[in-house]
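*Asks:* Sequence plus the predicted model coming up.
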Amino acid sequence: MRKDMISNSLGLDPIDQSGRLTSVLPALKAEKNDDYEYARRNLYDVIEKGNNALEDIMDVAKQSESPRAYEVVTNLIKTMVDANKDLLQLAKTRKELEAREPEKAQVTNNNLFVGSSAELLKMIKNGNE
């Protein structure tokens, strides 16, 4: 049962302080982690397969001594370097996203003081001391 009586009576999901649905936040975080892990696994797979292909293509280039074969080797090396950079960029982006997640702020709206102005002034003076 939901803690928020108004949301419960209206059949709506409660909203947190930042204005987002509380039921959606855990799902979004889990989805973000799943996407990161999937992309990371794919990059690792591409890098591993590229390393194996690079060894094979280098053997072919040595045996054939063809300029085109060496050109293919250099292009594959560049692609492998880019894949490694992408892997590092992925980790950096994840850290930045985690750092940017807002803290749950305690917001108090519509404060009301019931009492006289003398009592309010006395309370303010006691708070400053």
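*Replies:* Perfect, thanks for sending it.

*Asks:* Look at Val114 and give its secondary structure.
*Replies:* At Val114, secondary structure determined by DSSP: H, G, I helix; E, B strand; the rest coil is coil.

*Asks:* for the lengthiest helix in the chain, packing partners?
*Replies:* Across the chain, the helix with the greatest residue count (assigned by DSSP state H) is helix 25-64. Helix 25-64 is packed against helix 67-100, with contacts defined by 3 or more C-beta pairs under 8 Å, 6 or more residues apart in numbering; DSSP states H and E. Using the backbone N, CA and C atoms, a C-beta is placed for each residue, glycine as well.

*Asks:* in the helix it packs on, what's buried?
*Replies:* Residues 69, 72-73, 76, 80, 83, 87, 94 are the ones in helix 67-100 that count as buried (16 or more other C-beta atoms under 10 Å).

*Asks:* quick check: angle from that helix to helix 25-64?
*Replies:* Between helix 67-100 and helix 25-64, the angle formed by their directions is 160 degrees, by axes from the mean of the first three to the mean of the last three C-alpha atoms, to 10 degrees.

*Asks:* neighbouring contacts of the next helix-or-strand element following helix 67-100?
*Replies:* The element immediately downstream of helix 67-100 (helix or strand, assigned by DSSP states H and E) is helix 117-128. Residues outside helix 117-128 that contact it (C-beta atoms under 8 Å, 6 or more residues apart in numbering) are Phe113.

*Asks:* The chain should start at 892 in everything you say after this.
*Replies:* Noted, 892 is the first residue going forward, which turns the last one into helix 1008-1019.

*Asks:* pLDDT of helix 1008-1019, averaged?
*Replies:* What helix 1008-1019 shows for mean pLDDT is 83.

*Asks:* And that helix, how far out from the chain middle?
*Replies:* Distance of helix 1008-1019 from the chain centroid (C-alpha atoms, centre = their mean, to the nearest Å) equals 46 Å.

*Asks:* Thanks a lot, catch you later.
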